[in-house]
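K.L.:
quick one: sequence and predicted model below, then my questions.
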Amino acid sequence: MMKKNNFFAAAVISLIFLVFSACSSAPKRPMVVTDSYNLSYSRLELANNELIAGDLKNAGLHLSESYDLALSIDNSSLLTKISLSGVMYKISAEKNPEEAVSQPAAGFLQFHKQEIYTDAEAFARRSEQKDELLDLCSIYQVQIKLSEKQGEKNTLLSQLSSAEKSVAKEPYYLAFLNRTRGDVYMLSGDYSSAEKAYLQAADIHTKNRYLAEIGLDWYCVARSRSLMGDKSGARSAIETALKFDRDAENTAAIILDYEAYSKILLKGSPTEAEQKMAAELSEWAKKISTTVRK
């Protein structure tokens, strides 16, 4: 009888041990839910790609969706980045107002770029990454000044250099900083320094597989080389831009690349072959554009 009791007791203890072991190895309940964050961030990335593609309507809609999702979870860091992309949207919309998203779908994008930028700074100050995000904001402030042809070259370059350490670990924004630096040099007529900055942006984008961005970097390289009088280098760069824009299926950029290629060929004293090729490329760009607009 004692043997049976001992056996029963041992069995109960073993069962209790198994139950507690199973409980301890069970997956723990998550303490952070990221569904809305992930959806908001994916909308932001999509909108950024659409901005590069010149698709302002969809970019505006997706930025507004991203903003509303980030606002619903009170994520100041994400709201900062969305607002900064909103600034670039507004700069593009100023150049192409007919392509902009219509009201009331615009959401936060109905406001002026400076108001959106001011909100971005306010969100940054509320964030746990305050200093880093304020440095990020300063890069976009340079873009606002460039769009209004304001600011002195060395002051703008110094502002970018001050922000570089903060964005060094974020390839997308580090590349954007380098492209912005190239834009500052271009506006001041320092085309050689602009070329170097654009090439740095292209290198970062390529290493980190930001496909939609690479074509624009090389388009900028082609422009800087063309203005330097480096016709051969400009041709090589615009051909590279075309390659990446085709890979990204960026129709608007492909059209611009062909138009730029045509203009590059006609620089200086073009040969008869270059004149013929320039005319063919211009017609091809028009054909693509007409087909898209049907």
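P.N.:
Yep, it's here.
K.L.:
distance of E99 relative to N58?
P.N.:
10 Å (Cβ to Cβ, to the nearest Å). In short, each C-beta sits where N, CA and C put it, glycine included.
K.L.:
where in the stretch 1-150 of the chain is pLDDT low?
P.N.:
1-33, 100-106 (pLDDT under 70).
K.L.:
all helices of it, in order?
P.N.:
Using DSSP state H, counting those that start in this stretch, the helices of the stretch 1-150 of the chain run over 2-25, 35-52, 56-72, 76-95, 113-126, 130-147.
K.L.:
would you turn these into TSV with mean neighbour count and distance to S188?
P.N.:
Converted to TSV, the helices of the stretch 1-150 of the chain look like this (neighbours: other Cβ atoms under 10 Å; distance: least, Cβ to Cβ, whole Å):
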stretch	mean neighbour count	distance to S188
helix 2-25	9	64
helix 35-52	19	24
helix 56-72	22	28
helix 76-95	22	19
helix 113-126	19	22
helix 130-147	20	10
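K.L.:
which element is V221 on?
P.N.:
Using DSSP states H and E, V221 maps to helix 211-228.
K.L.:
relative to helix 35-52, how tilted is that helix?
P.N.:
Counting by axes from the mean of the first three to the mean of the last three Cα atoms, to 10 degrees, helix 211-228 lies at 30 degrees to helix 35-52.
K.L.:
next SSE after helix 211-228?
P.N.:
Elements were assigned by DSSP H and E; along the chain past helix 211-228, the next helix or strand is helix 231-247.
K.L.:
show the subsequent helix or strand relative to that next one.
P.N.:
Per DSSP H and E, the helix or strand that comes after helix 231-247 is helix 251-265.
K.L.:
from N178, how far out is L256?
P.N.:
In terms of Cβ to Cβ, L256 sits 21 Å off from N178.
K.L.:
again with R225
P.N.:
Distance of R225 to N178, computed by Cβ to Cβ: 17 Å.
K.L.:
show me what contacts T80?
P.N.:
Neighbouring residues of T80 by Cβ atoms under 8 Å, 6 or more residues apart in numbering: 120, 123-124, 127, 133, 136-137.
K.L.:
which residues sit against stretch 159-172?
P.N.:
Identification of contacts with stretch 159-172 by Cβ under 8 Å, 6+ apart yields 131-132, 135-136, 138-139, 141-142, 173-174, 177, 180-181, 184, 204-205, 207-208, 210, 213.
K.L.:
report the buried residues of it.
P.N.:
Neighbour-count burial for stretch 159-172, counted by 16 or more other Cβ atoms under 10 Å, picks out 159-160, 163, 166-167, 172.
K.L.:
and for stretch 222-234?
P.N.:
Across stretch 222-234, burial judged by 16+ other Cβ under 10 Å covers 222-227, 230-231, 233-234.
K.L.:
from H205, how far off is the residue nearest to Y117 when sequence neighbours are not counted?
P.N.:
Of all residues not flanking Y117 in the chain, V87 sits nearest, at 5.2 Å (Cβ to Cβ, 6 or more residues apart in numbering). Separation of V87 from H205 (Cβ to Cβ): 20 Å.
K.L.:
skipping adjacent residues, who's closest to the most centrally placed residue in the chain in space?
P.N.:
In the chain, the residue lying closest to the centroid (Cα atoms, centre = their mean) is N48, at 4.6 Å. Using Cβ to Cβ, 6+ apart and skipping the chain neighbours, the partner closest in space to N48 is S85 (5.8 Å).
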